[in-house]
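J.: Whatever this is, show me its structure:
(chains A, B, C, D, E and F)
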There are 6 protein chains.
Amino acid sequence: MTNKIDPYKYMKGFGNHFSSEALQDALPKGQNTPQKCPYGLYAEQLSGTAFTVDRKNNQRSWLYRIRPSVCHQPFTKLDSKSHHIANKFGIGDIHHIPNQIRWSPFNKLLLEDNKKTSNDIDFVHGLHTLAGAGDPTIKNGLAIHIYTANANMDNTAFYNSDGDFLIVPQHGRLDIITEFGCLMVASNEIVVIPRGIRYSINFPDGPSRGYVLEVFGNHFELPDLGPIGANGLANPRDFLTPVASFEEKECDYTIINKYAGQLFVSKQDHSPFDVVAWHGNYVPYKYDLGKFNTVNSVSFDHIDPSIFTVLTSKSAFPGTAIADFVIFPPRWAVQEHTFE
Amino acid sequence: MTNKIDPYKYMKGFGNHFSSEALQDALPKGQNTPQKCPYGLYAEQLSGTAFTVDRKNNQRSWLYRIRPSVCHQPFTKLDSKSHHIANKFGIGDIHHIPNQIRWSPFNKLLLEDNKKTSNDIDFVHGLHTLAGAGDPTIKNGLAIHIYTANANMDNTAFYNSDGDFLIVPQHGRLDIITEFGCLMVASNEIVVIPRGIRYSINFPDGPSRGYVLEVFGNHFELPDLGPIGANGLANPRDFLTPVASFEEKECDYTIINKYAGQLFVSKQDHSPFDVVAWHGNYVPYKYDLGKFNTVNSVSFDHIDPSIFTVLTSKSAFPGTAIADFVIFPPRWAVQEHTFE
Amino acid sequence: MTNKIDPYKYMKGFGNHFSSEALQDALPKGQNTPQKCPYGLYAEQLSGTAFTVDRKNNQRSWLYRIRPSVCHQPFTKLDSKSHHIANKFGIGDIHHIPNQIRWSPFNKLLLEDNKKTSNDIDFVHGLHTLAGAGDPTIKNGLAIHIYTANANMDNTAFYNSDGDFLIVPQHGRLDIITEFGCLMVASNEIVVIPRGIRYSINFPDGPSRGYVLEVFGNHFELPDLGPIGANGLANPRDFLTPVASFEEKECDYTIINKYAGQLFVSKQDHSPFDVVAWHGNYVPYKYDLGKFNTVNSVSFDHIDPSIFTVLTSKSAFPGTAIADFVIFPPRWAVQEHTFE
Amino acid sequence: MTNKIDPYKYMKGFGNHFSSEALQDALPKGQNTPQKCPYGLYAEQLSGTAFTVDRKNNQRSWLYRIRPSVCHQPFTKLDSKSHHIANKFGIGDIHHIPNQIRWSPFNKLLLEDNKKTSNDIDFVHGLHTLAGAGDPTIKNGLAIHIYTANANMDNTAFYNSDGDFLIVPQHGRLDIITEFGCLMVASNEIVVIPRGIRYSINFPDGPSRGYVLEVFGNHFELPDLGPIGANGLANPRDFLTPVASFEEKECDYTIINKYAGQLFVSKQDHSPFDVVAWHGNYVPYKYDLGKFNTVNSVSFDHIDPSIFTVLTSKSAFPGTAIADFVIFPPRWAVQEHTFE
Amino acid sequence: MTNKIDPYKYMKGFGNHFSSEALQDALPKGQNTPQKCPYGLYAEQLSGTAFTVDRKNNQRSWLYRIRPSVCHQPFTKLDSKSHHIANKFGIGDIHHIPNQIRWSPFNKLLLEDNKKTSNDIDFVHGLHTLAGAGDPTIKNGLAIHIYTANANMDNTAFYNSDGDFLIVPQHGRLDIITEFGCLMVASNEIVVIPRGIRYSINFPDGPSRGYVLEVFGNHFELPDLGPIGANGLANPRDFLTPVASFEEKECDYTIINKYAGQLFVSKQDHSPFDVVAWHGNYVPYKYDLGKFNTVNSVSFDHIDPSIFTVLTSKSAFPGTAIADFVIFPPRWAVQEHTFE
Amino acid sequence: MTNKIDPYKYMKGFGNHFSSEALQDALPKGQNTPQKCPYGLYAEQLSGTAFTVDRKNNQRSWLYRIRPSVCHQPFTKLDSKSHHIANKFGIGDIHHIPNQIRWSPFNKLLLEDNKKTSNDIDFVHGLHTLAGAGDPTIKNGLAIHIYTANANMDNTAFYNSDGDFLIVPQHGRLDIITEFGCLMVASNEIVVIPRGIRYSINFPDGPSRGYVLEVFGNHFELPDLGPIGANGLANPRDFLTPVASFEEKECDYTIINKYAGQLFVSKQDHSPFDVVAWHGNYVPYKYDLGKFNTVNSVSFDHIDPSIFTVLTSKSAFPGTAIADFVIFPPRWAVQEHTFE
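T.: Predicted coordinates for the structure are as follows:
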């Protein structure tokens, strides 16, 4: 089978129940697990939430692929010296300090440091954990990483079992191949790849760097708007999800898994990006920060920075987030008699 | 301008943030109310919920149309004798009786009765209220109507300010033109047209009849599934919403409005179906009941009929609906040792 | 006893547990109902909510007064022709019409009309109901009144058992004597007098007019702010509540009560404004609309008018208000590429 | 079949899932609707809540009876002059008055009044509505009745479709036969018979009188205790529910139904009290007010009367009840320095 | 005193407020802590939840016993080498691995292994922890243990302060003596013993093995059923709780306590199973898995395995459990066109 | 500038939006961040909750000070041997033991012990952690400390980033200078200083000792009262918050910060107690335990000790606190037939 659709097309909307087919009629009609799927595909459900979560918060997708995703060798653990991902954030595990910190540009230092050990640093090996709190094994907390890398993930795919990755490219575009299709993510865009979705990142612009916000608990969602009403901040229709796109490729393929803050590796004999069609609401997506509808005081005084929230990951306490992704976009400042 | 797209196409998904354009690039990019909309269209927001309802329950759509919808003459009230819609359901207003009632076939009787007063009965004049509870002016309650009609709504549009209409055609298809596009609704399908959306119904199969469930409070939604999990009963991707479709037509047009249980009429000089593009999640939709995934006991005993709920309208008390739309689909009955 | 404090002083804050004494040490210390109150006062609790409402929403005040408030003759019903307050808002009770309505200036017409029947129209007799929904006897709904009056309420006090009054003076200041103290309310200010509090309104500027929003259910409160954060819109410290102030006056006093949408009258031999001290969080308050911190888009597009909400009365459905009091204050409009 | 168990035995506990058999093994084992029930009984479910209410609030019972309960003639409406039950409580329907009312002893007056029309007044015909609010057709509100009667309900059963009856006998015991078994209710006891349960009341002590509190919405439940903790006020184990008890009796039987505030009557040829066994948590129960564990201030000041709540019927607003049943039991009053 | 009742009788119902007496009238009437209890017993409350948890979720029982339970020597910690219970489940504490694991039969290996150190392995010493997450000291998480044992707990009792034990006997019945009475648990049955309840397990069938699911947070409860309605899955009346049963025995008795994942031991001079009567809703219970009412698709497609949930322990996020106990019972599979 | 007001005055109320000025008109009018504050002060917001917490639970204050609080040198970590504060409470970190513990008088021992290392022990260095659970880095849990000290905190201020301190002086008054003003706390009083507020403690009575309850999650609040109603237990008006009070002092000043359970130190050249005015609802407060309104059974039986709760810190599970502060005040015990 061959994919004939331009893979860099997107569907609009946040939280939609999407349907996408790279080959016509590849989705079963009116049911999810027919005895015989179109094109002889295998049906698999990918759950983003507990099955029993209520309708408005339940997330899952159905993927129809050429080979079952379980066809791989067992995972083995990677030596923790082979990467720079931290996994424990308790007292004593990391260096807690009450000083406010602004990071000076990492990239130079890190690239040099990386070059000492390897000429080719891909996205996964280019990840360095900066900070964190909580613990992925109890589904509570967050981590902040940077990446600085210069190599594509050839015949290698990554997925994170610990949390969602919100990636902010700082320098260099990201060309991301996922099980759901392809995303080209430019500067001033962000991309979210939820827990459990496999992907490869290539760097079409050469050596690249950027930031990653990882949340271990609830998925990112749009913040409630309160009195702002039905529109404003990041609008749902500006979020873009890829269309189905697949490759049927037999080769040695490496799957790297981040699980309990550790890396594991497995081998398989074919590309994992063999999903010919899918439907569901558990998907990767990108967003152009330039489309953010900025709201602020138009009379006097400053408004708290929560007014610039793009995405949030909720805690068990209403109104208190595990993490907010907040931007400071260009905007008109028109307050009167107000301190700058 | 002329609509060039097949109007009887549909988009899949329940509660999606859809975007649809009958003319290319008719939707403004990245914002809702530009100073100058594409094609010189007028932007209008149609709110399905209070502005301040939380993100997961907020419903609204943006319509981009040739003429503003407020360009019409004032509404005047229709004589209550000219129609058969009841509007009060209190004690003394209607005939309460504790006997269980099954209706014998209405259609014959009513058609005859209608014929006495008119040869041409359209959908609105063919509505007869059977039962009800509560009151649309306090946004609480429901009404059940039947319709029996034989005439199209030529140059006439209807909208209901009191509640959502869930229409079940019993005999004869419904060809529905709405501000959001066109729906052809066949037998064994249902269609929901929420409060405030204008539409005309034609009967391509001649004299037709069916049922209407009207809810005054919360909109219809898919029921929470509890232990059934992420799939089952009516699946979200089987709900179909029309694509944008418009007509640019100058003529005498009649708008009928149901408001506080009464009918009002207004005239305007153009078709209201001039929406060239729209986006949002407050939309009409149809559903093929044959796609219902039926769940039941596979061991013994009967399960309560709530297991057959297609759509529900929630009350202020969790788990207690204002109205459930429930079907009894064909299914396997495999319980053992269980009374039939 | 004589009140020696300037009565037109105010305490700041919304929802505070205030304490106020017109005579020193008139409040009992550390308890509410001592066997013998200071100055021989009578302790009375005025409940604004059910006793069992949770701490954050519970409202009540303790009043320490010269004579018990129950010392009055029984109430008798006033003829409904003697006033202009409507009490039923169902279908058939009022004139429902789907046209949008803007009121032309009432005052002239009404003053003339009033003059025909009386030269002296006080606040209560100057009330005319414009619109409403729901029913005070089931604590659900609202009414909108205007007042147009030219006479002070000499030796007459009013209280409303049906709901809270939010009064917007349009022309002429309001000099309000309440059981909790005195409020002078100017143009561009609003005042809220909750259910059950007795007050007299005088018109220091002569013939006056204005608007009244009455809510039958939950009390007015500040809206939740969502992403706006901890400050903005109407800020709590700008709400002003009077200090205790009393008169010890024996005379024929008339008490008018609005109950179930009807007026009742009772006589007593002393002023009801004999509260020497009080404490609690169920109080009247005023607010200067000029202090509203206006928030809006500072990039593009219009924001829904909920962004201008000053006070809200919540329904049983989160995010859906029974009534919002919304203003359109002067503000900077800086959106780009946005339709005016 | 003959009932051989003493019918005036009770099971302890509030909200329990009870099981009771008047004949051994009359309940089906491990299922509810076997193809063939023990003794050839008919299985019927009686729902106290919507099917979909969550587990902790869901109420239903299964009754196993000799004849199906639907075996009766259609209901016909009783002339409203034949009884003294009011059904409308809106403005204009009843006499609203803000004066506090304490009722002088009704019984004498009413008995005389009753005697004029009949020598034999049973419980249903002896009911006189005193007050009310809301409306049973929208499941919101309450009514207060008194009864004054001197005749047993021979071969007559009553059930109320509008709400639950909480009956307080003031003079004379109540001997109540219900579908779930028998209750003897003495003075200082109360009994609750939920919506839809059929029963007959006899007066073993001759002419009797008492009060009835009817709630149209949520069932009565024990109030949450807050800081009082896990014990106190009315303790769950002091509520008594009857054991199954039945009669197999063929005769002319009259069923009276209160529905939408009106009375309807139907005939059948056998006793409705033919339930041989039942299980479930939707049941009638009685409570001895002498077992109330009274809590109050033991330091100073009075506590609000909510501290004496025995049972409550919740509204949609947390902490605000539709109706509370409150008693003022004998108790130690030990507050210091506190006004009596 | 001597217990005269057959101890292997059970009371039906889940979450009931039970009352049980091994000697007649051993429960105090109408109160919990009389000055002098019947038979001179000591009253003790055993709390299953915080005192202030709301009525529907509050759990506690009152036990009336011959000697106070505090009459024991201080606890001392057992050497961690003397048992096989793990207590830390963080990263680095246990071996996390993303491979799916199915356990091969443990029992043989473990029995042999056990035999090396001891011929007599009782339930507590036969416990081996397989997996876990979270931490009992913050009341969040779970552990999975197996047991493989061949010796009775003579004059030894165990209680777990960390969480509830749900025990699934795989081979050999469990004869459990608890403070609340005795339970005989056969294969295909499960038993739950909540936190803080003391018990001894004997193995009437000789060497035995099985599984234990321990939850550190909320107690097990029946899952909400959503659209399944008021019946289905595990029905409340099929859960069995023992009747009161006691022994008055003076002897050396060993009490083993699991606390913070460690074992502690204390000595006392009498049997702890001296509870003559008890009442309350915090109890041990057993359930026959054969009574599970299995629900599934009866049309097409597979339903998520949550449909087979017997008991659940809720997290702070609605719909997301800490642990679900799920079974795959025999059932009819009648879906059409569905992949097996 | 010089402070001219008696600093040991207090404002009444719990959770109020207070306003306080040590110099007249030092608070900006009608806004928070004017371009130029009165007296040239700097405006700073101190957040007690996430910005987006709902209105009823949102806590923040605005402080207007002489110098910005960020004018200090970076923090450096103190050697853990220099203090006695524990920061890890997991299994293995502390000594868990199931025995009930009552502490014998610490003070003697500790003072002696302290004396060995230093003659001058201030509040911070006199803190000894007794017990704890959870972890401040995940905002969950609590710690219990005692303090025993004999030295004032001269030119030294402390603040805790981990949680709120509820301090119970056992011997010796506390003279506390905070950013919000001064509190003198005597025996039988408690004081709460929330997270992030800087303060110094002096001991006017010489060597002193007491207890500290620290909560890492939600702030302390008054418990909901349930049926107790609108008054009782600790009444809101008995909580006292200081009035603004400042010193303008240039000197070497030491700031000690507790962060992630560790101590950090920073130097600055002026007193941090330079807040001339402030407004807000995030404040320190004290309470006289003698004003507690004690409620208890006045009939029979004991009530659970939750009835004596003064303040509570809520967990994510309703009704289950992270920590309750409970007292056993003198009270009348009037239960009948009840075990002492």
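J.: Residue A:289 is in contact with residue A:191, isn't it?
T.: No. Using Cβ atoms under 8 Å, residue A:289 is not in contact with residue A:191, being 11.4 Å away. Using the backbone N, CA and C atoms, a C-beta is placed for each residue, glycine as well.
J.: With neighbour numbers in mind, choose between these two.
T.: residue A:191 (23 against 16; other Cβ atoms under 10 Å in any protein chain shown).
J.: SS state for that one?
T.: Following DSSP: H, G, I helix; E, B strand; the rest coil, the label given to residue A:191 is strand.
J.: mind listing what's buried in the helix or strand hosting residue A:322?
T.: Residue A:322 is part of strand A:321-326, with elements assigned from DSSP states H and E. Neighbour counts over strand A:321-326 (16 or more other Cβ atoms under 10 Å in any protein chain shown) mark A:321, A:322, A:323, A:324, A:325 as buried.
J.: Repeat that for stretch A:142-161.
T.: By 16+ other Cβ under 10 Å, the buried positions in stretch A:142-161 come out as A:142-153, A:156-160.
J.: Same check on stretch A:72-88?
T.: Within stretch A:72-88, the residues that count as buried by 16+ other Cβ under 10 Å are A:72, A:75, A:77, A:78, A:83, A:84, A:85, A:86, A:87.
J.: Out of those residues, list just those in strands.
T.: By the criterion of DSSP state E, membership of the buried residues of stretch A:72-88 in strands covers residue A:77.
J.: Which one of the buried residues of stretch A:72-88 is nearest to residue F:335?
T.: Among the buried residues of stretch A:72-88, residue A:87 lies closest to residue F:335 (Cβ to Cβ), at 56.0 Å.
J.: Hmm, residue A:200 is touching residue A:159, no?
T.: No. Counting by Cβ under 8 Å, residue A:200 sits too far from residue A:159 to count as a contact (10.4 Å).
J.: ok so, going back, can you tell me which two in the buried residues of strand A:321-326 are farthest apart?
T.: Largest separation among those by Cβ to Cβ: A:322 and A:325, giving 11.2 Å.
J.: Quick check: nearest residue in space to the closest residue to chain F within the stretch 1-150 of chain A, chain neighbours excluded?
T.: Closest residue of the stretch 1-150 of chain A to chain F, Cβ to the nearest Cβ: residue A:96 (3.6 Å). Excluding its sequence neighbours, the residue lying closest to residue A:96 (Cβ to Cβ, 6 or more residues apart in numbering or on different chains) is residue F:260, at 3.6 Å.
J.: how far away is the one you found from residue C:177?
T.: According to Cβ to Cβ, to the nearest Å, residue F:260 stands 57 Å off from residue C:177.
J.: again, but for residue A:240
T.: Residue A:240 is 62 Å from residue C:177, by Cβ to Cβ.
J.: got a list of what residue A:314 touches?
T.: By Cβ atoms under 8 Å, 6 or more residues apart in numbering or on different chains, the contact list for residue A:314 reads A:217, A:218, A:221, A:321, A:322.
J.: again, only this time at 7 Å
T.: A:218, A:321, A:322 (Cβ atoms under 7 Å, 6 or more residues apart in numbering or on different chains).
J.: Same check on residue A:295?
T.: By Cβ under 7 Å, 6+ apart, the residues touching residue A:295 are A:228, A:232, A:233, A:307, C:295, C:296, C:297, C:298, C:303.
J.: Report whether the expected contact of the first one with residue C:307 is present.
T.: To tie it back to what came earlier, the one meant is residue A:228. Yes. Taking contacts as Cβ atoms under 7 Å, residue A:228 lies within contact range of residue C:307: 5.9 Å.
J.: quick one: which of the buried residues of stretch A:72-88 is nearest residue A:285?
T.: Nearest to residue A:285 out of these is residue A:85 (Cβ to Cβ; 23.8 Å).
J.: low-confidence ranges in chain A?
T.: A:4-5, A:103-118, A:334, A:339-340 (pLDDT under 70).
J.: For it, which residue gets nearest to chain D?
T.: Per Cβ to the nearest Cβ, residue A:54 is where chain A lies closest to chain D, at 11.5 Å.
J.: Now do residue A:175 against chain E, distance only.
T.: Distance of residue A:175 to chain E, given as Cβ to the nearest Cβ, to the nearest Å: 26 Å.
J.: roughly how far apart are residue A:35 and chain E?
T.: Noted for residue A:35: a distance of 5 Å to chain E, by Cβ to the nearest Cβ.
J.: For that residue, what are phi and psi?
T.: The phi and psi values for residue A:35, taken as degrees, to the nearest 10, are phi -60, psi -40.
J.: Give the burial count for it, as a bare number.
T.: Residue A:35: 13 surrounding residues under other Cβ under 10 Å.
J.: quick one, which of residue A:240 and residue C:177 is more surrounded?
T.: A direct count of neighbours by other Cβ under 10 Å for residue A:240 and residue C:177 places residue C:177 higher, at 23 against 20.
J.: Give me the distance between residue A:296 and chain C.
T.: 4 Å.
J.: neighbours of the nearest residue to that residue once chain neighbours are set aside, just the number please.
T.: Of all residues not flanking residue A:296 in the chain, residue C:298 sits nearest, at 4.5 Å (Cβ to Cβ, 6+ apart). Residues near residue C:298, counting by other Cβ under 10 Å, number 25.
J.: Spatially central, which residue of chain A would that be?
T.: Nearest residue to the geometric centre of chain A (Cα atoms, centre = their mean): residue A:193, 2.1 Å.
J.: residues in contact with that one?
T.: The neighbourhood of residue A:193, defined by Cβ under 7 Å, 6+ apart, consists of A:164, A:165, A:178, A:199, A:284.
J.: Kindly recompute the last result at 6 Å.
T.: A:165, A:199, A:284 (Cβ atoms under 6 Å, 6 or more residues apart in numbering or on different chains).
J.: Of those residues, which is the most crowded?
T.: residue A:165 (26 neighbours).
J.: ok, that one touching residue A:211?
T.: No. Contact criterion Cβ atoms under 6 Å: residue A:165 and residue A:211 do not qualify, at 10.4 Å.
J.: And for the closest residue to chain C within the stretch 151-300 of chain A, the neighbour number?
T.: Using Cβ to the nearest Cβ, the single residue of the stretch 151-300 of chain A nearest to chain C is residue A:226, 2.1 Å away. Neighbour count of residue A:226, defined by other Cβ under 10 Å: 25.
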